[in-house]
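Participant: Give the three-dimensional model of this entry:
(2 chains)
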Amino acid sequence: MSVVPMPGTAAEIEPPVSLWRDAWHRLRRNKLAVFGLVVVVILAFTALFGPYLTPYDFLSQDLNSRNLAPSLSHLFGTDDLGRDVFSRVVYGTRTAFLVAIVVTFIAVVIGVTLGALAGFFGGWLDRIVMWLTDMTMSIPNLLLVVVINASLKSPITSWMESRYLATLNPVYRETIWVDFLLVFGSMALISWPPYARLVRAQVLSIRSRPYITAAQALGLTNRIILMRYVVPNALGPLIVAVSAGLGTAMVLESAFSFLGVGVNPPTPSWGNMISDGLRVWQHYPHLLAAPAAVLGLASVAFSFLGDGLNDALNPRGAK
Amino acid sequence: MMMASNIRPEPPAKTGERLLDVKGLTIEIETRTGPATIVDGIDLHVDKGETLGIVGESGCGKSLTMLSMMRLLPNKIKVTKGEANFAGRDLQKMSNSDLRKVRGGDVGFIFQDPMTSLNPVMRIGQQLAEPLIYHRGMSKAEARKRAGELLKLVGIPGAEDRLDAYPHELSGGMRQRVMIAIGLACNPQLLIADEPTTALDVTIQAQIVDLVKDLRDKLGMSVVWITHDLALIAGLVDRINVLYAGTVVEDAPVDALFANPSHPYTQGLLASIPKLSDERSTRLSSIGGTPPEPGRRPKGCPFAPRCPLAEAICHERVPSLEGLGQDGAHRVACFVAQRKLEAA
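Facilitator: Here you go, the predicted model:
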């Protein structure tokens, strides 16, 4: 007895089109999303290769050429210490990307882990995670960052100074990392709840789909089902959220630096450059305009890209 | 455990040895007003090499019984009483890790909706390989090779090229063939097919039934086929259990059931199948009323409120499944049918 063959021949088979390639085709048709993608790629390139692109060192001062207007030798002019603003904006892009990527990465790891476990297993685990999420979201983020900075920064800095004096170990000499560490830590601490909620909601809906029952009927372990069946299916909305989250993290970093609780001078950040520029904007508008424009552009680009990804990855939701 | 070397070309020999034996399984669902019984002390059995058809209308607990037996249902639905023995071991008391070895390893499943029962973001070759790697400890390369063979086995053209396809690139019938291949991946002793043709159109339905029939004969496994379409499985199954409101009301070899349907509900089901010989003007026969809601089961026979033959006793006591005739192979849970036979 032979098995009833399927009608149709091998010749009719088209090459497989993956879901991602499909989404890429849809994304390419969206002009705003392509604009966002191009800007994000340029900014990322700038951040990655910053040191090779800048004509001047971001720290070197030239007190003979202070507050110069934009020109060919200084594209964005110079600031009150004669530092090249273009170079500082480029290094500010490095700061912004570094903070955004590290913070978003930590937040996504925490959020996805907690959200997926809560949604998949439910019960008391779900209640504890959701309680933790609500609690974290109820903390005013600015207040938390200010408190962390005020309470932890000076003890850590002075501890490192004393370690350096005691051991002369160069690891302890550079205290810029304390800035970053505190910024990363405090921002990640307040950024994970939206990811946890999103992933939990996704997992709750995916958990009841027939292919999950089918996977269980195959005798697969919960770990395999969670990692290979649940999480990959929740990825679409997560990618959209991450894209938007990167933009938000950049703006947040600038906001904190603007207020003096984020990255501190002399490390350049769009935020502390805007803060410096704001004091003298009537006289030297370029000192405010350059970092503000780049910040605005980055923020808009990430939001367009996020929207485009949303439409591309959820075709049913698109117009 | 059935290994590949045991492949038999002939229909599997019926040894009369119990493979699956469900005794008094009671399933309850938690509702706002308290627990409601959906399946009330069901008894089922499948012998080695036997094909059992489970028939009944929507919501009578067909799928629920099979899924809850394998503990595949959400927490709200619980088995409160009874046992389900598979190859002599109670699935209800088994540890989770032992149960995982039975699922997919010894018992394969095919589900109702091939459109949603495959993981949409995983290539089908990978989905086929998953149980092989997990249950048979195959390497990725071995599993992929076997996955190609399985696709060929279920008659998918260009099987090897199809391994890298995503589910959305296949038609419904092809996806159901993939589901069957996944269900058969580890040479299970029992294949549970939960309305595998309901979502497919009629010509594909017949193909799938023929496919399972061929594969059963080749691989020598037992099959439980859940459906509401009596005519579809007439040529496939050895025995039919008719389910109503979570109890077996009639259990008979397939020929006996069609020749001599004894329960009024079975008679109603058979009468409601349209026949080509009917006059065009004839109205399709149907059974009046609706099945009882869970938690609002009548006191006596659950079918009594809809039964044209119901008597006083039917509203008072629940009939048990009793054998008719000499060998007792044809069993029915109906006072009227049992008495008629005694009188004859």
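Participant: just checking, what's the longest helix in chain B?
Facilitator: Ranked by residue count and defined by DSSP state H, the top helix of chain B is helix B:202-219.
Participant: Restricting to C-alpha, output the helix or strand just after that one in CSV.
Facilitator: Next in sequence after helix B:202-219, counting helices and strands by DSSP states H and E, comes strand B:222-227. Extracted in CSV, the C-alpha atoms of strand B:222-227 (Å, rounded to 0.1, in the frame of the first residue of the first chain):
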residue,chain,number,x,y,z
SER,B,222,-3.3,2.3,17.6
VAL,B,223,-5.4,5.3,16.6
VAL,B,224,-8.0,7.4,18.4
TRP,B,225,-9.9,9.5,15.9
ILE,B,226,-12.1,12.2,17.3
THR,B,227,-14.7,13.6,15.0
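Participant: avg pLDDT for strand B:222-227?
Facilitator: Averaging pLDDT along strand B:222-227 gives 91.
Participant: After that strand, which helix or strand is next? Please name it.
Facilitator: The first helix or strand that comes after strand B:222-227 along the chain, using DSSP H and E, is helix B:230-233.
Participant: What residues sit buried inside that next one?
Facilitator: Under the neighbour-count criterion of 16 or more other C-beta atoms under 10 Å in any protein chain shown, helix B:230-233 has B:Leu230, B:Leu232, B:Ile233 buried. The way it works is simple: take the backbone N, C-alpha and C, and place the C-beta from them, glycine included.
Participant: now, among the residues you listed, which is nearest to chain A?
Facilitator: B:Leu232 (15.2 Å; C-beta to the nearest C-beta).
Participant: re earlier: show me what the longest helix of chain B is packed up against.
Facilitator: Secondary-structure packing of helix B:202-219 (3 or more C-beta pairs under 8 Å, 6 or more residues apart in numbering or on different chains; DSSP states H and E): helix B:172-184, strand B:190-194, strand B:222-227, helix B:230-233.
Participant: which regions of chain A sit below the pLDDT cut-off?
Facilitator: A:1-19, A:56, A:58-63, A:65-69, A:72-77, A:80-82, A:175-176, A:314-319 (pLDDT under 70).
Participant: List the contacts of B:Ile38.
Facilitator: With contact taken as C-beta atoms under 8 Å, 6 or more residues apart in numbering or on different chains, B:Ile38 is in contact with B:Ile27, B:Glu28, B:Ile29, B:Gly61, B:Leu64, B:Ile77, B:Gly246, B:Pro294.
Participant: In three-state terms, label it for me.
Facilitator: Classification of B:Ile38 using DSSP: H, G, I helix; E, B strand; the rest coil returns strand.
Participant: that older thread, which one of the helices and strands packed on helix B:202-219 lies nearest to B:Leu73?
Facilitator: Among the helices and strands packed on helix B:202-219, the nearest to B:Leu73 by C-beta to C-beta is strand B:190-194 (12.5 Å).
Participant: So in that sheet, which strands flank the closest one, and in what orientation?
Facilitator: The strands that strand B:190-194 pairs with in its sheet are strand B:107-110 (parallel), strand B:222-227 (parallel) (by DSSP bridges).
Participant: and the next element down the chain from the first one?
Facilitator: Past strand B:107-110, heading to the C-terminal end, the next element that is a helix or strand (DSSP H and E) is helix B:124-136.
Participant: Give me the average confidence score over that following helix.
Facilitator: Mean predicted lDDT for helix B:124-136 stands at 89.
Participant: How about stretch B:317-335?
Facilitator: Rounded mean pLDDT across stretch B:317-335 is 82.
Participant: That stretch: end-to-end distance?
Facilitator: The first and final residues of stretch B:317-335 sit 9 Å from each other (C-alpha to C-alpha, to the nearest Å).
Participant: Flag every buried residue along it.
Facilitator: For stretch B:317-335, a neighbour-count test (16+ other C-beta under 10 Å) marks B:Val318, B:Pro319, B:Leu321, B:Leu324, B:His330, B:Arg331, B:Val332, B:Ala333, B:Cys334, B:Phe335 as buried.
Participant: Now do the contacts for the fifth one.
Facilitator: Remark: with contacts taken as C-beta under 8 Å, 6+ apart, B:His330 is in contact with B:Asp251, B:Ala252, B:Pro253, B:Ala256, B:Leu257, B:Asn260, B:Ser262, B:Gly323, B:Leu324.
Participant: cool, the first one as well?
Facilitator: By C-beta under 8 Å, 6+ apart, the contact list for B:Val318 reads B:Gly300, B:Cys301, B:Pro302.
Participant: tell me the secondary structure for it?
Facilitator: coil.
Participant: excluding its backbone neighbours, what's nearest A:Val145?
Facilitator: Closest residue in space to A:Val145, ignoring its immediate chain neighbours: A:Ser186 at 4.7 Å, by C-beta to C-beta, 6 or more residues apart in numbering or on different chains.
Participant: Figure out the helix or strand that the one you found lives in.
Facilitator: Using DSSP H and E, A:Ser186 sits within helix A:176-207.
Participant: List the buried residues for that helix?
Facilitator: Buried, per 16+ other C-beta under 10 Å, within helix A:176-207: A:178-180, A:182-184, A:186-200, A:202-204, A:206-207.
Participant: tell me the angle the next helix or strand after it makes with helix B:124-136.
Facilitator: Next helix or strand after helix A:176-207 toward the C-terminus (DSSP H and E): helix A:210-217. Put simply, helix A:210-217 runs at 30 degrees to helix B:124-136, going by axes from the mean of the first three to the mean of the last three C-alpha atoms, to 10 degrees.
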